[in-house]
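Trainee: The following comprises the amino acid sequence and a computationally predicted model.
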Amino acid sequence: MQAARKRENANRDKAVTALYGSQWQKARAVFLREHPLCVGCATTGSITPASVVDHVIPHRGDVRQFWNRENWQPLCKPCHDTKTAREDGGFGRARIQTAKTDSDEA
Ligand SMILES: [Zn+2]
């Protein structure tokens, strides 16, 4: 049923929002104190302070995955945004073909 599915999504959204409460704020502050540097930038040799605690595997409302510290990583905002954009369907987007011809070549 359409309505049921809609309600399910709304419930999940509410549940996800509820996860990011004061308990999370406290936990992420502790985590960032212990892991102050962005792991994304570290792979390219840059040292950047992390400001976001990212879930390596998106938790999608799964409470166990959400609180699993093994699944947390410190990221800076730009790295987090890049990762999120990729997860939200950046892949599979058709690449625009450049209209380049070989006619100039002999
Ligand atoms: Zn970074």
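Mentor: Alright, I've got the coordinates.
Trainee: How much space separates the residue nearest to H55 when sequence neighbours are not counted from R64?
Mentor: Using CB to CB, 6 or more residues apart in numbering and skipping the chain neighbours, the partner closest in space to H55 is N71 (5.5 Å). Quick note: C-beta positions are derived from backbone N, CA and C, even for glycine. From N71 across to R64, the span is 9 Å (CB to CB, to the nearest Å).
Trainee: Show me which of these two is the more surrounded one.
Mentor: When neighbours are counted by other CB atoms under 10 Å, N71 and R64 differ, and N71 comes out ahead with 16 against 8.
Trainee: What's the separation between the more buried one and the ion?
Mentor: Noted for N71: a distance of 18 Å to the ion, by CB to the ion, to the nearest Å.
Trainee: and what of K6?
Mentor: 36 Å.
Trainee: which strands and helices sit next to whichever helix or strand that residue is part of?
Mentor: Per DSSP states H and E, K6 falls inside helix 2-19. With contacts taken as 3 or more CB pairs under 8 Å, 6 or more residues apart in numbering; DSSP states H and E, helix 2-19 sits against no other helix or strand.
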